[in-house]
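J.: sequence? don't have it. structure:
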């Protein structure tokens, strides 16, 4: 398989993933915010959707979790009395098709108990969810249940995720008519408001559910395979856990956008453990080789340097770049990167980099890669250029 593949638009890329899922169980995708992950999930869903003349969906094949899914849940904060707050459900969506018949409250609660200490009740008459929490009374070990509370944004996020996950479990069971239309599941950034501990828990739990479903399908000789799955995220830790958990039967990619043409690229990340800083460095190196560097890429290099310095325990990114006391280039590179990353360059309106700055950028990038002993096999051509050949003059 080619290491890098190019696509003209998101619809073409979405079709590629559908084709991949004819041969694989999962597609795992990492991309930065603003690259187009949510729009890609919508394009994937639309490829399997057919509508009537009045716009009503008559055929669909994708159960998806993305920003639109979260919008199916909206708060009524009881502004008049400020007493009882509920999360209202948009019943126009097929997302809630099995709510009344499949004991979804019990299913959701069993999942939510892994992550949270609040309780909830689903009212299928008024289509709303109310929340409660046990709080200490100050009298020994006694607690009092307080209802009508508003949970935090992170708690809301995990509740909606558990609601979705309960539907996924029903779908994977393949014996519930309410969701027998699901051929694909698309999950986009389910943990945007979660801390790292919960990110790991969500990733490992999701991986277990998926692997168990495929194992059951194999051992029971089911007539149809479980739905194909795409997971896209900008969260590096969440991605790395899934990368390791779902190695078997998956395709794993880094998604990037081509500024010069408006197209998209995916890079195969299956041969090495994936980390976002490595993918970003490789992307910058490839862009430099292809002459596709814009001024805002100074900000990208600065972000990688900041994360590297933090990981290595330095006070700031300049300490990470400056390796020796008499390292003049290190001092100059730090000053230049600090200056040029404050230019206000926009990723949405790329500005071409001048020849002088392009040379400075190249030297900073190559030096950074060499100084921190990255595996040069990921940077073809760099291993053949001696470091001293790039240090013939100060920037």
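T.: It's in. This is a predicted model, so every value here is computed, not measured.
J.: show me where the stretch 1-150 of the chain has helices.
T.: 10-20, 37-47, 67-70, 104-112 (DSSP state H, counting those that start in this stretch).
J.: show residues contacting the second one.
T.: Identification of contacts with helix 37-47 by CB atoms under 8 Å, 6 or more residues apart in numbering yields 10-11, 13-15, 17-18, 29, 31, 60, 62, 64, 66-68, 184, 186, 188-189, 230, 232-234, 255. C-beta: built from backbone N, CA, C; applies to glycine.
J.: give me the buried stretch members for it, please.
T.: 37-38, 40-45 (16 or more other CB atoms under 10 Å).
J.: in JSON lines, list the residues you listed along with distance to residue 96.
T.: Compiled in JSON lines, the buried residues of helix 37-47 are given as follows (distance: CB to CB, whole Å):
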{"residue": "37", "distance to residue 96": "24"}
{"residue": "38", "distance to residue 96": "21"}
{"residue": "40", "distance to residue 96": "24"}
{"residue": "41", "distance to residue 96": "19"}
{"residue": "42", "distance to residue 96": "19"}
{"residue": "43", "distance to residue 96": "24"}
{"residue": "44", "distance to residue 96": "21"}
{"residue": "45", "distance to residue 96": "17"}
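J.: can you pull up the bridge partners for the most centrally placed residue in the chain?
T.: The C-alpha lying nearest the average C-alpha coordinate of the chain belongs to residue 233 (CA atoms, centre = their mean; 0.8 Å). As for beta bridges, residue 233 partners with residue 30 under DSSP bridges.
J.: quick one, what contacts it?
T.: Residue 233 neighbours (CB under 8 Å, 6+ apart): 29-31, 37, 188-191, 239, 242.
J.: what's the closest of those to residue 375?
T.: Closest approach to residue 375 among the contacts of residue 233 (CB to CB): residue 30, at 18.6 Å.
J.: so who does that closest one touch?
T.: By CB under 8 Å, 6+ apart, the neighbours of residue 30 are 232-234, 236, 239, 253-255, 269, 274, 276, 279.
J.: got a pLDDT number for it?
T.: Listed pLDDT for residue 30 reads 90.
J.: do residue 91 as well
T.: With respect to pLDDT, residue 91 has a value of 84.
J.: do the same with the one 3 residues further on
T.: As summarised for this prediction, residue 94 has a pLDDT of 77.
J.: quick check: which element contains residue 159?
T.: Secondary-structure assignment from DSSP states H and E places residue 159 in helix 153-173.
J.: which residues in the protein form strands?
T.: Counting by DSSP state E, one finds strands in the chain at the ranges 4-7, 26-30, 50-51, 57-59, 62-65, 73-76, 86-89, 118-123, 128-136, 143-147, 184-188, 228-233, 250-257, 264-268.
J.: residue 159: neighbouring residues, count only.
T.: When neighbours are counted by other CB atoms under 10 Å, residue 159 registers 22.
J.: on that earlier part again, separate out the buried members of the contacts of residue 30.
T.: 232-234, 236, 239, 253-255, 269, 274, 276, 279.
J.: would you reformat the residues you listed as JSON lines and include pLDDT and distance to residue 247?
T.: As requested, the buried ones among the contacts of residue 30 are exported to JSON lines (pLDDT from 0 to 100; distance: CB to CB, whole Å):
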{"residue": "232", "pLDDT": "94", "distance to residue 247": "18"}
{"residue": "233", "pLDDT": "91", "distance to residue 247": "17"}
{"residue": "234", "pLDDT": "88", "distance to residue 247": "21"}
{"residue": "236", "pLDDT": "80", "distance to residue 247": "17"}
{"residue": "239", "pLDDT": "86", "distance to residue 247": "13"}
{"residue": "253", "pLDDT": "91", "distance to residue 247": "14"}
{"residue": "254", "pLDDT": "88", "distance to residue 247": "16"}
{"residue": "255", "pLDDT": "91", "distance to residue 247": "19"}
{"residue": "269", "pLDDT": "78", "distance to residue 247": "11"}
{"residue": "274", "pLDDT": "55", "distance to residue 247": "11"}
{"residue": "276", "pLDDT": "63", "distance to residue 247": "18"}
{"residue": "279", "pLDDT": "73", "distance to residue 247": "17"}
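J.: any idea of the pLDDT on residue 213?
T.: Looking at residue 213, the pLDDT reads 90.
J.: switch to numbering from 29
T.: OK, 29 is where the count begins now, so the last one is residue 241.
J.: isn't it right next to residue 252, touching?
T.: No. Taking contacts as CB atoms under 8 Å, residue 241 lies outside contact range of residue 252: 11.8 Å.
J.: ok, those two, which is more surrounded?
T.: With neighbours defined as other CB under 10 Å, residue 241 and residue 252 compare such that residue 241 has more, 22 against 9.
J.: quick one on the thing from earlier: nearest to residue 232, out of the strands of the chain?
T.: strand 256-261 (13.3 Å).
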